[in-house]
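1. output the structure for:
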Amino acid sequence: MQPLPLRNVSVKKQAVIQYSCLQNVPIAFIQPEAARRYICLAARGDDRNLTVYCTGEALLEACQLTADVFPQQLIDEGLLAQLAVGFFSQNNHAGPFVNGELKQISYVATVTGAEIANELVSFAQGLHLAWYQLSDLTLPTYRKPAAAEKWRALPLKLELQLGYTLLAKKELSRLKAGDVLLMQCIREVARIGQQEIYKLRLEGDDMHIEQTGYDINKMEGEAEENAFCEDYPLENIEVKVDFIAGEKMLTIGQLNQITVGDVITLAKSRPETRQVFLVVQNKRVATGEMVLLDDQFAVEITHVQGAPASE
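-> Numbering: from 1, shown residues only. The predicted model follows:
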């Protein structure tokens, strides 16, 4: 029997370089930690597509965000993703391997070291940066980290959530203008990413802040994860749909000044209406208007954007 002819492939050796804090001196070769979570960003630098990774711990250290500047109860992966994009955008931080500035920076995902271990060709610990398929590496000096005061002005998106419902994926795909959805769970909270930080009370066109530093526990009535079942029909898997009454861009400094009794006024799409956004996995999928159905809060769909890109 003739041996099966195999194509020869060349594999670039993985060069993993560790940096001490934010210095530009390589001190050791390391591997990404399998269990550690890394924020993955896409960017352009030196006319190349780059992938950048950073850990939340190193990001906060590099930003010099102490507890009095950055409320610890706000920290979740969604907020860290926003901070990472803001850090590299504000500081044009090109890292050790790129001569030019980083551009077109966007958040991709949060992954574990195990997921990226076989894909990295360069890695820097300290600010934990990494890039794919780079050649002709240069080592310019790291820029200094941003002053803490500068980060007080970083804008963050505060979402005003009315509640949520659970829909089967097949039901979600059939949404059309004129449909009415009941809210299975009324929340009335303000959140950044998925972190709830204020308890709200809806009155007319205003949402009053009733409690700050909102204790995030498991949502009452939230469905437990379905146990694995070989015969479970995939089209019946339920998807969480959040009802968002509005969004406000606030800086960290402004967030620190919010107290119980403050009022957030909701914008209107037109008089005598209250616009609501339907959000799935942080992606807006439809727009509607808040209505009452049998004395329960509900949302009548006015426009459907479509499924999130991740689906």
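2. quick one, helices of the chain?
-> 56-63, 77-91, 113-116, 148-151, 169-173, 252-257 (DSSP state H).
3. could those helices go into a markdown table alongside distance to Y107 and mean pLDDT?
-> (C-beta placed from N, C-alpha, C; glycine too.) Output for those, formatted as a markdown table (distance: least, C-beta to C-beta, whole Å; pLDDT from 0 to 100):
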| stretch | distance to Y107 | mean pLDDT |
| --- | --- | --- |
| helix 56-63 | 12 | 74 |
| helix 77-91 | 4 | 79 |
| helix 113-116 | 15 | 81 |
| helix 148-151 | 18 | 58 |
| helix 169-173 | 24 | 81 |
| helix 252-257 | 18 | 76 |
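4. so which of those gets nearest D205?
-> helix 252-257 (20.6 Å; C-beta to C-beta).
5. shaky segments in the stretch 151-300 of the chain?
-> 151-152, 154, 213-237, 267-273 (pLDDT under 70).
6. quick one, what contacts the residue nearest to T212 when sequence neighbours are not counted?
-> Spatial nearest neighbour of T212, chain neighbours left out: Y198 (5.6 Å); criterion: C-beta to C-beta, 6 or more residues apart in numbering. Residues counted as contacts of Y198 (C-beta atoms under 8 Å, 6 or more residues apart in numbering) are V189, A190, I209, E210, Q211, T212, Y214, I258.
7. contact partners for the closest residue to L158 other than its chain neighbours?
-> Spatial nearest neighbour of L158, excluding adjacent residues (C-beta to C-beta, 6+ apart): K248 at 4.6 Å. K248 sits next to K157, L158, L160, I264 when contact means C-beta under 8 Å, 6+ apart.
8. how about the last one, nearest residue that isn't a chain neighbour?
-> Nearest-residue entry for I264: M207, 4.8 Å, with adjacent residues in sequence omitted and distances by C-beta to C-beta, 6+ apart.
9. and the one you found, how far from C63?
-> 30 Å (C-beta to C-beta, to the nearest Å).
10. what's stretch 171-187 in contact with?
-> 161-167, 196, 219-222, 239, 241, 243, 278, 280, 285-286, 288, 291, 293, 296-304, 307.
11. at 6 Å what do you get?
-> Residues outside stretch 171-187 that contact it (C-beta atoms under 6 Å, 6 or more residues apart in numbering): 161, 163-165, 221, 239, 243, 286, 293, 296-302, 304.
12. drop anything exposed from those.
-> 161, 163-165, 239, 243, 286, 297-302, 304 (16 or more other C-beta atoms under 10 Å).
13. can you give me the neighbour number for the nearest residue to D206 once chain neighbours are set aside?
-> With C-beta to C-beta, 6+ apart as the criterion, D206 has its nearest non-adjacent residue at 4.9 Å, and that residue is V263. Neighbour count for V263, taken as other C-beta atoms under 10 Å: 12.
14. begin at 13, not 1, for the rest of this chat.
-> Got it, first residue is 13 now, which makes that one V275.
15. V275 contacts G216, correct?
-> No - if you go by C-beta atoms under 6 Å, V275 and G216 don't touch, sitting 10.4 Å apart.
16. circling back: what about the residue nearest to L170, distance to A55?
-> 28 Å.
17. repeat that for C197.
-> 38 Å.
18. what about these two, which has more around it?
-> Comparing C197 with A55 by other C-beta under 10 Å, the one with more neighbours is A55, at 24 against 15.
19. next up, the contacts around the more buried one.
-> L62, V64, L114, I117.
20. kindly recompute the last result at 8 Å.
-> N61, L62, T63, V64, F100, L114, K115, Q116, I117, S118.
21. any idea what the second one is bridged to?
-> Beta-bridge pairing of L62 under DSSP bridges involves A55.
22. local confidence estimate at it?
-> pLDDT, L62: 71.
23. neighbours of it, how many?
-> Neighbour tally, L62, other C-beta under 10 Å: 24.
24. same thing with the last one?
-> Burial of S118 is recorded as 10 neighbouring residues (other C-beta under 10 Å).
25. dig out what it forms beta bridges with.
-> A54.
26. give me the neighbour count for A129.
-> A129: 15 neighbours (other C-beta under 10 Å).
27. wait, it sits on A46?
-> Yes - the criterion here is C-beta atoms under 8 Å, and A129 meets it with A46 at 6.8 Å.
28. redo the buried ones among the contacts of stretch 183-199 as TSV? Include distance to G68.
-> TSV is the format used below for the buried ones among the contacts of stretch 183-199 (distance: C-beta to C-beta, whole Å):
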residue	distance to G68
Q173	23
G175	29
Y176	26
T177	31
V251	27
F255	29
A298	32
F309	35
A310	38
V311	34
E312	40
I313	37
T314	38
V316	35
